[in-house]
Structure formats: structure tokens, C-alpha cells
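> Here you go, sequence then predicted model.
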Amino acid sequence: LPKMFGPELVAAFREFKSIWDPDLKMNPHKIVDPYPLDSNLRLGAAYRPRPVETHFRFPRDHGRFAVATERCFGVGKCRRTEGGTMCPSYMVTREEKHTTRGRAHLLFEMLQGEAIGRKGWRDPYVKEALDLCLACKGCKGDCPVSVDIATYKAEFLSHYYARRLRPRSAYALALFHRWARLASLAPGLANAVTQRSALIKRVAGLAPERALPVFAHETFRDWFRARGPRNGDGQRVLLWPDTFTNYLRPETGKAAVEVLEAAGYSVELPAHMLCCGRPLYDYGMLKRAKRQLRRILDALRPALADGVALVALEPSCVAVFRDELVNLFPDDEDAQRLSRQSFFLSEFLVREGFEPPKLAGRAIVHGHCHHKAIAKMTSEEALLGKLGLDFEILDSGCCGLAGSFGYEADHYDISMKIGERMLLPAVRAAPEATLVVADGFSCREQIAHATDRRAVHLAEVLQMALRAATSPVSVPPLRAPRASAPP
């Protein structure tokens, strides 16, 4: 500053400051007598973060968890209360520890082991701050430096619960793919038990207010197997039958098959039932998640090598293949192939130049958090525009259910507060004839739980357009059944 203003003027600044602030209480050492450049640094010359072994490899952070926690530099965009997805829990609690910044800084401090972190990965303060993280990945998409608290939370919980029992809800929800497979052997019996027994929810640690999903009487894979292949001469495409589509909502998979075949493709399914393992990450079950991903890579290797595209209907599955997979196996060529060859349905159809028939009507669209974080909603906009629908993509943030989060008894209230912030009022306000479109299974479940509307997947909207083109009908209003009893 003496070079800019000269010694005489800086001395005048000092005199003025001493008159009005003799005790240097108001923003000291900024203009006169400034701190040395190397003082008060967050990362000084003595900075030596604790080296830790991790499941995730953090290839974009030099392979170090400590570097990942340093991404946040405190800009505070995560403290906004309107617009975007980040951070749904902060938007309803307004507490700093529930911001992306607060959580990232706590993880940073944990590695320092000074103010907190003396218990390492089992620090209770970090666990408390991460408890209300919905793992929505809103921060990864909205944060200017792509802080990814969902990944950091999964890594933290994997160590926090090492050689320890997890809460009951973790085993009920993270292993849902196993329970669903068992239920498919006798879906009628499974529905009779899950839909009419409050004891099941209590034992599993689930919210008593939540209706459990109804298992389909015929799985999507069984339907596809009995139906037989079509378009044998068409280009191959691999349709990923996620756990929710296969066991709970096969009509979504059937609609996708109809649409892809109408576009001229020969649809294939993996030879065996596989699950991407998305719920495992919510509870830090990363060893199990890696084993499941290895099975997927082994099963899909021939198709991947042939360049066959994989289309997934559940946005979280695409997120696993594009994000978690390459973070866990950054040097695996098959993992890289699957990451590159995985598509949302809208992405794939837009890339291939699919021209759907027109569909008259109006729609409101809620984007899944993982979809918005990984790829935005541009392909949805393009495809819905081609349909000719009068549509609006809601700036509705997170639905609040967020996979397993909102099913847990301890999280039910905040789950509903998040949903009521934007999405649920918008759905209730929509005219009855307006389609409600949501690709995420949990998003559709939250809407059905809290309103009398039934949301549909984009595949079902495209199916309506195909059928309306051959037998013109108006789009009927879709309402959620009020009873949770099985059909």
C-alpha cells in the first residue's frame, strides 16, 4: 500500500484509524499494519493431513481424501434457501452444519485431529452433521467446486461402522434387492405381510407413516422372458432392469421396451438379475458395493466390448455407473466403458435422433437429483419439446424421500418438510389433466404418499404418445391410489 498511496497518506490512514478504533477492534490489520502474507493461512507450511486408506480412489483429487475435503473454500452458495438442489437439509433446518460447507469443513477438521477428530473416523460430531445428508448429490452439481458430500458420507460411514452393527433400517433398505428377490417368489404373501403389519416397520426401523411399496405379481424380467425377443435385425441396446422396475413397477420397463422397439432397436436384458447397489452407498457398505459392481462388469463385459449402449430407467443407476464406479475403479477399462456407454433413456433417444409422435396435453416435470447432478435436464427438455407437450421443468430441488432416507423413522419429518418446500405444493396445484412426470422411483413414491396424484416415468409418456398416434385418445388424469393394500 505504501507503493500505491505513498508513506505520507498511509501514515494519515494510521492516524485516522487510531482515533476512531484505538483498540483495533474493527477489521484490524487490513489497510494499515497488515498481517504478513504467510500468516493466518488455512494450509500453512506445516500442513500435514493424516494419510487415510479409502475405498474410493478420488482420481480428481490426486487420489487423496484429504485433498477432496479441501475443495470447499467457503463461498457459501450452499446457504441459499431458494432454487437449485443444494442443500435440501439446510433449506429446511437453516443450520450451518447441514450445509455442504459445514460438512466439508468438519471432515477437513476431522483429518487434522485438533478441534475434533481425536476418534478418527468415529467422530460423533461428523456423524451427526452427515446424518441429514440425503446423498442427493445436489452439491456435486450445484457447488462451484463440485464438493461431493454424498461420496464423502459413504466413505465416512464405511469406516465409522467397520466391525460394528449398523441400524436396523440399514439392513432393511440397503439390502432391499435381496428382500425383493425373495418376495418375488411369493409376491401375494409378501404383500399381505408388508402391507398389513405395522410390526414389520417397527422392527426394521421404518417410518410408520410410510406405505411400503407393493410387489408386482409378475416381475419385468419374467414378462420379458415370456414375451420373447423382437426386432432381431435391429441395433442392439441393453436395457438395465433395476430392482425397483423389475420387482415393483414393471410397467415402466414394459413402456421402455415398447419405445425402444418403436425406435427400431433390438432390446436385450442382462442374462441374470443384477443390482447397481445404490442403497448400499447410503449406509457405507462399500465392500459389498464393490463386489456387486465387479459382478456387473463381469456379466456385461462382452456387450461392453462390442460397444452396446446401456439404457437405465432409474437415474440413480446411471449415476452409479458414471460416478461411483469410476471413483472406485478408475484404472479398470471395463468400468470406463460402462461409464461411457450408460445413458438415461432421454439421452439415448436424443442422441440417436428419435422423433416421437406428437402428444397433446400439459405436463410438469420433476428431475431426479442424481440426474440433475450428473447430466442436467437438457435431454428431457429436448425430447419433451419434440413430443409437443406444453411442459414445465420444476425448480423443485429434492423430493425429500431420496431413496432410503425418507423411509427411516428418524428422517420422516424432515423428508416431508423438504418435499413440502416446493415439489408437493406444485403437484397439488397442477390441474387434474396435467401429467406429472418423474423418472426417479423414490420421487414418484413421495408424490403418491403426499398427494392424490400418480407420477409417471418419461418412458410411459412416450408410450402414451405412440399409442395415441395409432388410436387417438386424450391423456387421462393419473391419480395415486389412496389405499396401500396390494391389488
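Perfect, thanks for sending it.
> how near is the nearest residue to residue 290 once chain neighbours are set aside to residue 294?
Excluding the flanking residues, the one nearest residue 290 by C-beta to C-beta, 6 or more residues apart in numbering is residue 328, at 5.7 Å. Backbone N, C-alpha and C define where each C-beta goes, glycine included. Using C-beta to C-beta, to the nearest Å, we find residue 328 at a distance of 10 Å from residue 294.
> what's the single longest helix in the chain?
helix 286-305 (DSSP state H).
> so what does that helix touch, helix or strand wise?
helix 149-160, strand 235-240, helix 278-282, helix 325-328, helix 333-341 (3 or more C-beta pairs under 8 Å, 6 or more residues apart in numbering; DSSP states H and E).
> Can you tell me which of those is nearest to residue 174?
helix 278-282 (4.6 Å; C-beta to C-beta).
> any idea of the mean pLDDT for the closest one?
Mean per-residue pLDDT for helix 278-282: 97.
> Pull out the buried residues from that helix.
278-282 (16 or more other C-beta atoms under 10 Å).
> swap in stretch 281-288?
Buried residues in stretch 281-288 (16+ other C-beta under 10 Å): 281-286.
> Dump it to CSV, restricted to CA.
Taking C-alpha atoms only, stretch 281-288 is exported to CSV below (Å, rounded to 0.1, in the frame of the first residue of the first chain):
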residue,chain,number,x,y,z
TYR,A,281,-23.7,-46.3,-0.5
ASP,A,282,-26.2,-44.5,1.8
TYR,A,283,-25.0,-46.7,4.6
GLY,A,284,-21.3,-47.0,3.8
MET,A,285,-21.5,-50.7,2.7
LEU,A,286,-18.7,-50.1,0.2
LYS,A,287,-17.1,-53.5,0.3
ARG,A,288,-20.4,-55.1,-0.7
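> Not counting that stretch itself, show me its contacts.
55-56, 135, 150-151, 153-161, 166, 170, 173-174, 277, 280, 289, 320, 324, 328, 403-405 (C-beta atoms under 8 Å, 6 or more residues apart in numbering).
> And stretch 216-226, by the same measure?
Outside stretch 216-226, the residues that reach it (C-beta under 8 Å, 6+ apart) are 184, 187-188, 241, 245-250, 253-254, 257, 269, 273, 487.
> What about those residues, which are in helices?
Short answer: those in helices (DSSP H) are 187-188, 245-247, 250, 253-254, 257.
> Out of these, which end up buried?
By 16+ other C-beta under 10 Å, the ones in helices among the contacts of stretch 216-226 give 187, 245-247, 250, 253-254, 257 as buried.
> mind checking how far whatever helix or strand comes next after the longest helix of the chain is from the chain centre?
Under the assignment DSSP states H and E, the closest C-terminal helix or strand after helix 286-305 is strand 309-312. Chain-centre distance of strand 309-312: 18 Å, with C-alpha atoms, centre = their mean, to the nearest Å.
> Which strands or helices does strand 309-312 pack on?
Taking 3+ C-beta pairs under 8 Å, 6+ apart as the contact cut, strand 309-312 packs with strand 235-240, helix 333-341, strand 342-344, helix 345-351.
> got CSV for these, with mean neighbour count and mean pLDDT too?
Formatted as CSV, the helices and strands packed on strand 309-312 follow (neighbours: other C-beta atoms under 10 Å; pLDDT from 0 to 100):
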stretch, mean neighbour count, mean pLDDT
strand 235-240, 19, 98
helix 333-341, 18, 98
strand 342-344, 25, 98
helix 345-351, 21, 98
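> among the ones you listed, which is nearest residue 34?
Of all these, helix 333-341 comes closest under C-beta to C-beta, at 48.3 Å.
> Which other helices and strands does that closest one contact?
Helix 333-341 packs on helix 286-305, strand 309-312, helix 325-328, going by 3+ C-beta pairs under 8 Å, 6+ apart.
> quick one: buried residues of the first one?
When you say that, I think you mean helix 286-305. 286, 289-290, 292-293, 296-297, 300, 303-304.
> next one: stretch 461-473
For stretch 461-473, using 16+ other C-beta under 10 Å, the buried residues are 461-466, 468.
> now, among the buried residues of helix 278-282, which is nearest to residue 309?
For those, the nearest to residue 309 is residue 278 (20.3 Å; C-beta to C-beta).
> what are the ranges of the strands in the stretch 351-487 of the chain?
In the stretch 351-487 of the chain, the segments counted as strands under DSSP state E, counting those that start in this stretch are 362-366, 390-393, 435-438.
> and of these, who's closest to residue 17?
strand 390-393 (52.8 Å).
> buried stuff in the closest one?
391, 393.
> do the same with stretch 117-126
117, 121-123, 126.
> Now for these: which two are most distant?
117 and 122 (9.7 Å).
> Quick one, grab the pLDDT at the closest residue to residue 347 other than its chain neighbours.
With sequence-adjacent residues excluded and distances taken as C-beta to C-beta, 6+ apart, residue 347 is closest to residue 379, at 4.4 Å. Model confidence at residue 379, given as pLDDT, is 97.
> how far does the lowest-mean-pLDDT helix or strand in the chain sit from the chain's center?
Using mean pLDDT, DSSP states H and E, the weakest-scoring helix or strand in the chain turns out to be helix 2-5, at a mean of 88. Helix 2-5 sits 52 Å away from the centroid of its parent chain (C-alpha atoms, centre = their mean).
> do the same with stretch 79-87
15 Å.
> Was I right to think residue 366 contacts residue 400?
No. Using C-beta atoms under 8 Å, residue 366 is not in contact with residue 400; the gap is 11.2 Å.
> neighbour-wise, which of these two wins?
The neighbour comparison of residue 366 against residue 400 (other C-beta atoms under 10 Å) goes to residue 400, with 31 against 27.
> and residue 229, what does it touch?
266-268.
> the helices in the stretch 351-487 of the chain, which residues?
369-375, 378-387, 412-421, 423-429, 441-450, 458-470 (DSSP state H, counting those that start in this stretch).
> Residue 38 is nearest to which of those?
Of all the helices of the stretch 351-487 of the chain, helix 369-375 comes closest under C-beta to C-beta, at 37.2 Å.
> Which other helices and strands does that closest one contact?
Partner elements for helix 369-375 (3+ C-beta pairs under 8 Å, 6+ apart): helix 138-142, helix 315-319.
> Run through who's touching the helix or strand containing residue 8.
Assigning secondary structure by DSSP H and E places residue 8 in helix 7-20. Helix 7-20 is contacted by residues 1-2, 5, 24, 31-33 when judged by C-beta under 8 Å, 6+ apart.
> Which members of those are classed as buried?
residue 32.
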